[in-house]
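Asks: Got a predicted structure plus its sequence, pasted below:
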Amino acid sequence: MPQLFDPYQLKDITLRNRIGVSPMCQYSAEDGVPNDWHLVNLGSRAVGGAGLVIAEATAVEARGRISPGDLGIWADKHIEPHYRMTKFIKEHGAVPAIQIAHAGRKGSAARPWEGDNSLKDEEGGWETVAPSAIAFGGELWRVPKEMTHQDIQEVQTAFRSAALRALEAGYEWLELHFAHGYLAHSFYSPLSNKRTDEYGGSFENRIRFVVETTRAVREVWSDRLPLTARLSCYDWVEGGWTIDDSVELSKKLKAEGVDLIDCSSGFNSSDYKNYPFGAGWQVPFAEKIRKEAQIATAAVGSITQAMQADEIIRNGRADIVLLAREMLRDPYWSYHAALELQTKDAAKELLPVQYGGRV
Ligand SMILES: Cc1cc2nc3c(=O)[nH]c(=O)nc-3n(C[C@H](O)[C@H](O)[C@H](O)COP(=O)(O)O)c2cc1C
């Protein structure tokens, strides 16, 4: 029976424990370039003892940013500053991961602390793209352009180039952002995809964008390193994408060479009234996909307690746990969890040598 502080091996990569920092946008880059904030933010979570540190949704093209402050990996100038982060994260015992993303119709938005709304052209906004010309709704009023086949190919090529740059930048774990109402999710969800060509309509057609994008990335990403995908496993809207659809998609992604599914949900509509937010609310998705699609999973969503995280691993509900907001509250969460679970050796090993024996 594996435990939270047992190492976890996926492909040639071994995490020192089963704890990961979930990707979190910082909206603090200029022209996509990582800076000191990103280094310190992610670096301190590596110092704090996490096994895996996943860099935020990082745009594969400038048009695919959520806000003007998103990280990017669409140009060679991004490689070196990303490398600076991966080097530091590795030096402190964690595995550096990156989530590559395209915001689709949720792009061209103001930073959360500046309103979270669609930006007008004169405010620095840009044209967004999506499977169908349907705005997200609420404050995100911008109507995206319906993508042509050429647009689709260009974005898939951008994902492939981003994966190559991520390798060069020293990342050892790649996550494809296929969740939260961004471009990929808006293709597979019937709520946002009203196309009548081979990319819309049936289940097979709606997942085509995701399957092809995965294939394009798999061709260039190292076979020795984990390739993972974050899904919105359920739309929480009647007539939307279901968990059974996610099981089927996970089987297909496994056949395409995906090693782990990161099981999130929702955020493809501006209506959140049905979301059962609360302790471990998305864990059942990770458990079901792990069992029924026979693929490794990550659980995420209101995992805040050491015992709670350990239970998920011990009972085979997921292979790793990812924490987001709790890691913001406590970068040393992993160290504190090791103390609480009385894995004293693990606790000691998690502290950097600079602190060793003095706390
Ligand atoms: C500030 C912030 C930024 C986030 N940015 C991303 C992101 O870049 N990519 C992503 O997939 N999820 C993102 N999320 C969602 C988290 O990764 C996570 O799935 C969610 O917060 C639930 O986990 P939690 O309850 O531990 O916070 C973000 C969450 C927060 C709080």
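Replies: Looks like it came in fine. Numbers count the residues shown, from 1 in each chain.
Asks: now the end-to-end length of stretch 191-208.
Replies: The first residue of stretch 191-208 is 16 Å away from its last residue (CA to CA, to the nearest Å).
Asks: my bad, should have said stretch 57-74
Replies: Length of stretch 57-74, first residue to last, CA to CA: 13 Å.
Asks: same question, stretch 301-321
Replies: Using CA to CA, the two ends of stretch 301-321 sit 9 Å apart.
Asks: Would you report the backbone torsion angles of Met113?
Replies: Careful, residue 113 is Trp; it's not Met. phi -80, psi 0 (degrees, to the nearest 10).
Asks: what's the nearest residue to it once chain neighbours are set aside in contact with, if anything?
Replies: Spatially, and ignoring its direct neighbours in sequence, Trp113 is nearest to Tyr27 (7.9 Å; CB to CB, 6 or more residues apart in numbering). (Each C-beta comes from the backbone N, C-alpha and C, glycine too.) Applying CB atoms under 8 Å, 6 or more residues apart in numbering to Tyr27 gives the contacts Ile66, Ser67, Gly69, Asp70, Arg111, Pro112, Trp113.
Asks: Helix, strand, or coil at the first one?
Replies: In the three-state summary, Ile66 is assigned as coil, counting by DSSP: H, G, I helix; E, B strand; the rest coil.
Asks: Tally up the residues packed near it, please.
Replies: 26 (other CB atoms under 10 Å).
Asks: The ligand versus that one, what's the distance?
Replies: Relative to the ligand, Ile66 is positioned 8 Å away (criterion: CB to the nearest ligand atom, to the nearest Å).
Asks: Ok, Tyr199 next?
Replies: 23 Å.
Asks: got the residues of this protein near the ligand?
Replies: By the rule CB under 6 Å from any ligand atom, the part of the chain lying against the ligand is 22-25, 56-57, 99, 177, 179-180, 230, 264, 300-303, 323-326.
Asks: rerun at 5 Å
Replies: Ser22, Pro23, Met24, Cys25, Glu56, Ala57, Val300, Gly301, Ser302, Leu323, Ala324, Arg325 (CB under 5 Å from any ligand atom).
Asks: Please enumerate the strands of the stretch 101-250 of the chain.
Replies: 129-130, 145-146, 173-178, 227-232 (DSSP state E, counting those that start in this stretch).
Asks: can those go into TSV with extra columns for mean pLDDT and mean neighbour count?
Replies: Formatted as TSV, these follow (pLDDT from 0 to 100; neighbours: other CB atoms under 10 Å):
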stretch	mean pLDDT	mean neighbour count
strand 129-130	98	26
strand 145-146	98	14
strand 173-178	99	27
strand 227-232	99	26
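Asks: So which of those strands is nearest Leu52?
Replies: Closest approach to Leu52 among the strands of the stretch 101-250 of the chain (CB to CB): strand 173-178, 6.5 Å.
Asks: now for the closest one, which elements pack on it?
Replies: strand 52-59, strand 95-101, helix 149-168, helix 183-188, helix 208-218, strand 227-232 (3 or more CB pairs under 8 Å, 6 or more residues apart in numbering; DSSP states H and E).
Asks: Pull up the pairing partners for the second one, direction included.
Replies: Read it as strand 95-101. Partners of strand 95-101 in the sheet, by DSSP bridges, are strand 52-59 (parallel), strand 173-178 (parallel).
Asks: The first one: how far from the chain's middle?
Replies: Just to be clear, that refers to strand 52-59. 7 Å (CA atoms, centre = their mean, to the nearest Å).
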